[in-house]
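S.K.: Attaching a predicted model along with its sequence, questions to come.
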Amino acid sequence: MQIALKEESSTITTKPQSKLWMPKQVLFTPAALEEPWGQQMYERVRALGLPVQEQKSNRITGLRGEDERETYRKAKSTLAIVTAPPGALKLQPIPPSADWQFHLAEGCPAHCQYCYLAGSLQGPPVVRAFANLPAILQNLVKYKKPGGLTTFEASCYTDPLGIEHLTGSLAETIRFFGEQEGMHLRWVSKFDQVDGLLDLRHHGNTQPRISLNTEFISRRIEGGTAPMEARLAAIRKLALPKADGGGGYNVGLVIAPIMPVPDWEAQYTQLLDRLEQTLDFPCEITFELISHRFTPGSKAILQEWYPNTQIDFDEANRSLKYNKFGGKKYVYSPATMHQLRSFFYAELKRRFPAAPVLYWT
Ligand code: SF4
């Protein structure tokens, strides 16, 4: 079995309790301020006492530092409120997660050392939230399949829950989908501030998904995210039906990125034990299982962002695979993949026999 995280000598530090991300500066473009939804965000961030700057043009500039590390620090502590460009209204497919992807924002305040966004977004990793939300939502209706169910994924380029206290866009999107027929919303998060979503009339048209991993992995490589126990508490709140009709979401559990760290079987067993204890009432859930992988491009960016990363990015410990466009990705060896996959399928079937595993990758 290969190792997935480098050995380290330091002791584990207990992660602080989950806290909301507060950017050091919030930039608004003139176009964003002309949007009623942009005004709503403006009021929110002002009420939180955050420093607001109105930009002279619709381009966000001034985030480059002296080197990549400084650029990273500046960008990751900035929230920019902008309007999504017209190109954002031309949706792209996103199998196997959903039929279409759309974006409430681009960029994320967390610091995961394997971040899926590395290499996907251009420029400094600033969080840009979109002020023209009503247009973004109305545009989705054009993509609805006649007579069938069309699914939409909102978290390809951001963690929408991680910035919800600053934008309100996720709740508005859940409300919008609650009023549609034949359209389902999916999103995924590593945060836990779900209280504002529990009273929404989602009408079963939204599937929130929470990303889970072992404490050992999360504490080492998922900086700025909610602790695992806080995420489990959020899953319980989302799944529990409330007497007044709220809650009761069909929650998705995304176990990712799965890594064969030393003692992985015991660690993932502990995670699944906690999940079983958390969901001790009848509820509908699904699983998605994603093993760790990287591409040459994402490795280069992640090693620049996290020069002391504990993730083992040594290609010699991996198998090379090609995607359908010929791009390279490094995954675990077939033997390791088989071992991990067999473990999860057997354990999930035993513990959650009614819960579908949507895919393993
Ligand atoms: S939560 Fe997701 S998008 Fe945000 S840093 Fe982690 S992997 Fe990247």
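M.R.: Nice, thanks for sending it over. Numbering: from 1, shown residues only.

S.K.: Could you use CA atoms for every contact and neighbour count after this?
M.R.: Noted.

S.K.: Please tell me how far the residue of the chain positioned farthest from its centre sits from Pro96.
M.R.: No residue in the chain sits farther from the centre than Lys56, which is 31.4 Å out by CA atoms, centre = their mean. Applying CA to CA, to the nearest Å, the value for Lys56 to Pro96 is 41 Å.

S.K.: picking that back up, the residue farthest from the centre of the chain contacts Ala32, correct?
M.R.: No: applying CA atoms under 8 Å as the test, Lys56 and Ala32 come out as separate, 11.7 Å apart.

S.K.: Next, Glu153: phi, psi?
M.R.: phi -110, psi 130 (degrees, to the nearest 10).

S.K.: what's around it, how many residues?
M.R.: 21 (other CA atoms under 10 Å).

S.K.: I'd say it and Phe177 touch.
M.R.: No: the criterion here is CA under 8 Å, and Glu153 misses it with Phe177 at 11.9 Å.

S.K.: Please, which helix or strand holds the residue of the chain at minimum distance from the ligand?
M.R.: Closest residue of the chain to the ligand, CA to the nearest ligand atom: Cys115 (3.7 Å). Under DSSP states H and E, no helix or strand contains Cys115.

S.K.: low pLDDT regions in the stretch 51-200 of the chain?
M.R.: For the stretch 51-200 of the chain, applying pLDDT under 70 flags no range at all.

S.K.: let's see 90
M.R.: For the stretch 51-200 of the chain, the stretches flagged by pLDDT under 90 are 62, 67-69, 85-88, 95-97, 116, 119-123, 147.

S.K.: how about the strands in it?
M.R.: Counting by DSSP state E, counting those that start in this stretch, the stretch 51-200 of the chain has strands at residues 52-54, 78-82, 92-94, 98-101, 105-106, 111-112, 127-130, 150-153, 183-189.

S.K.: Can you give me the buried ones in the helix ranked longest in the chain?
M.R.: As assigned by DSSP state H, the longest helix anywhere in the chain is helix 334-351. Residues of helix 334-351 classed as buried: 336-337, 340-341, 344, 348 (neighbour count, 16 or more other CA atoms under 10 Å).

S.K.: Adding pLDDT and distance to Pro124, write these out as JSON lines.
M.R.: Below are the buried residues of helix 334-351 laid out as JSON lines (pLDDT from 0 to 100; distance: CA to CA, whole Å):
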{"residue": "Thr336", "pLDDT": "97", "distance to Pro124": "35"}
{"residue": "Met337", "pLDDT": "98", "distance to Pro124": "34"}
{"residue": "Leu340", "pLDDT": "98", "distance to Pro124": "35"}
{"residue": "Arg341", "pLDDT": "98", "distance to Pro124": "36"}
{"residue": "Phe344", "pLDDT": "98", "distance to Pro124": "37"}
{"residue": "Leu348", "pLDDT": "98", "distance to Pro124": "39"}
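
S.K.: Grab the two from those that are most spread out in space.
M.R.: Thr336 and Leu348 (18.3 Å; CA to CA).

S.K.: Any stretches of the stretch 201-350 of the chain with poor pLDDT?
M.R.: For the stretch 201-350 of the chain, the ranges with pLDDT under 90 are 242-247, 323-326.
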